[in-house]
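**Student:** need coordinates for the below:
(one chain, ligands or ions: 1)
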Amino acid sequence: MAVFWKAVAAGLLLAVCLMGWTVDGQGNGKKKVSGDSIIYLGQERNPWSPLIRTTANLTEIRSIKSTFQFRTFDPEGVIFYGDTKNGEDWFVLSLKEGFPLMQISKEDVQVSVTGGPKLNDGKWHTLDVSNRGKFVILEVDGLPGLVVGMHSRQTKEVISGQLRLALGGILTSKDKLIVEFEPQMDGCVREGHWLNLSMPWEADADELWLCHQNIQPGSFFAGEGFTVFNTSVFQTIKDLGFRVEFWGDFTQMEGTILSMMSSQGELLAVVEANNNTNEIHFTIRKQKHILTNAVKQLRITFFEKAVEVVKFLDEANTEIVSYDPLSAPEYLTELREGRLAIGGLLGGVKDMVGSNFLRGCLEKIKIQLKDLDLDSAIKDMSASSHSCPV
Ligand SMILES: [Ca+2]
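**Tutor:** Residues are numbered from 1 along each chain as shown. Predicted coordinates for the structure are as follows:
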């Protein structure tokens, strides 16, 4: 048991030590990454797949403590994973609703524990995972965070074999998790010290994306991708119709903010920003309307017989415009059974290929009065779900 925890703690230590990392091709063709680099965990990939990983022999592990720094505005996602016995015994550290969540499976015992301080405030926090006797301890910024005590009737200790460590994903089946969560984590890890291990980590990707030096809450689109949702996942609210709200500096945006398509492939609504003309183009079916982009917030509500746009010019001033969606009574139904994209223009029915990708930061997005988490999209390409560069 002790060795397992030692190994896990070592892994934690090791996982976050990547300052100024470089990726070099070596040996088995995998890219090598220094253990003390800054690592951006939100890079696009199979969402459960680790961004970087490493393997060590248990006999090499002498330290029982891993330390790293972590920064995010994202309330949910995987941070760190460690295992022995080829994934039979494992440890996962993630966030859920902003709180740290540890899940551990060791022989006949499975535990999960959550609590401590919320970590998704956009500040760097120092996390420290260690093993003391039967306890696994997570400290946050030098203060006690989570403590798990585990006792197994099986006394056989693993003292040989391999320890695997991974950042930003897991190496066991997600079906084994005690508490389910969405894996994508728009966060960064740095200055990791992983047990006493110093060997480089392996990256599956050829290039690792960079962490922004300073961030603010929001969803950042770099002009290279968009996110897609089925409209039916958003709850129906009596008398509300269908409401989409955006906050941000629209004068700094360029490209498609919103597109909505029926299940038959007809574009029902498109909102595009043009910072050459300082306009926002709002198209309902084939009718195009032009709005100023000097707004702080845009609220679009689709009703049965009208589409209402509220422009929030500043704190005190709003303008309301009402449009007729060509008097088509099925418009709202088609909208609710179709698809919705943020940051790109939906294409054909099957491929959902996007275009005119958005460049800019949407500081907040609400659909049907609830904050939208881009990590819950059915298709997600190249958008930072919870942070914008400052
Ligand atoms: Ca997330």
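
**Student:** pLDDT weak spots in the protein?
**Tutor:** 1-29, 154-158, 325-328, 348-352 (pLDDT under 70).

**Student:** residues from it in reach of the ion?
**Tutor:** Asp74, Glu76, Gly77, Gln184, Asp375 (C-beta under 5 Å from the ion). Any C-beta I mention is one placed from the backbone N, CA and C, and that applies to glycine too.

**Student:** I figured the second one hits Leu374, correct?
**Tutor:** This means Glu76. No - between Glu76 and Leu374 there is no contact under C-beta atoms under 8 Å: 11.6 Å.

**Student:** picking up where we left off before, in strands, which of the residues of the chain next to the ion appear?
**Tutor:** Cross-referencing these against strands under DSSP state E gives Gly77.

**Student:** now the residues of the chain next to the ion as CSV including distance to Val244 and neighbour count?
**Tutor:** CSV is the format used below for those (distance: C-beta to C-beta, whole Å; neighbours: other C-beta atoms under 10 Å):
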residue, distance to Val244, neighbour count
Asp74, 21, 26
Glu76, 22, 24
Gly77, 24, 25
Gln184, 22, 27
Asp375, 18, 21
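
**Student:** closest to Ala269 out of the residues of the chain next to the ion?
**Tutor:** When those are compared for distance to Ala269 (C-beta to C-beta), Asp375 wins out at 23.7 Å.

**Student:** check the gap between that closest one and Phe302 for me.
**Tutor:** 25 Å (C-beta to C-beta, to the nearest Å).

**Student:** cool, and Leu374?
**Tutor:** Distance from Leu374 to Phe302, by C-beta to C-beta: 21 Å.

**Student:** which stretches in this structure count as helices?
**Tutor:** For the chain, applying DSSP state H gives helices covering 2-15, 331-336.

**Student:** which stretches of the stretch 151-300 of the chain form strands?
**Tutor:** 162-167, 187-194, 201-203, 215-217, 219-222, 227-230, 242-247, 255-261, 267-274, 279-284, 287-292, 297-302 (DSSP state E, counting those that start in this stretch).

**Student:** I'd like those strands as JSON lines, with mean neighbour count appended.
**Tutor:** As requested, those are exported to JSON lines (neighbours: other C-beta atoms under 10 Å):
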{"stretch": "strand 162-167", "mean neighbour count": "25"}
{"stretch": "strand 187-194", "mean neighbour count": "25"}
{"stretch": "strand 201-203", "mean neighbour count": "24"}
{"stretch": "strand 215-217", "mean neighbour count": "17"}
{"stretch": "strand 219-222", "mean neighbour count": "24"}
{"stretch": "strand 227-230", "mean neighbour count": "20"}
{"stretch": "strand 242-247", "mean neighbour count": "21"}
{"stretch": "strand 255-261", "mean neighbour count": "25"}
{"stretch": "strand 267-274", "mean neighbour count": "21"}
{"stretch": "strand 279-284", "mean neighbour count": "20"}
{"stretch": "strand 287-292", "mean neighbour count": "13"}
{"stretch": "strand 297-302", "mean neighbour count": "20"}
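
**Student:** minimum distance to Cys388: which of those strands has it?
**Tutor:** strand 219-222 (4.1 Å).

**Student:** now the residue in the stretch 251-390 of the chain that the ion sits nearest to, nearest residue through space, not along the chain?
**Tutor:** With C-beta to the ion, the shortest gap between the stretch 251-390 of the chain and the ion falls at Asp375, namely 3.8 Å. On the basis of C-beta to C-beta, 6 or more residues apart in numbering, the spatially nearest residue to Asp375 that is not a chain neighbour turns out to be Gln184, at 4.1 Å.

**Student:** give the contact list for that neighbour.
**Tutor:** Gln184 sits next to Gly42, Pro47, Asp74, Gly77, Asp375, Asp380, Ser385 when contact means C-beta atoms under 8 Å, 6 or more residues apart in numbering.

**Student:** beta partners for the fourth one?
**Tutor:** Under DSSP bridges, the beta-bridge partners of Gly77 are Leu95.

**Student:** wait, doesn't it sit right on Leu95?
**Tutor:** Yes - using C-beta under 8 Å, Gly77 is in contact with Leu95, at 5.9 Å.
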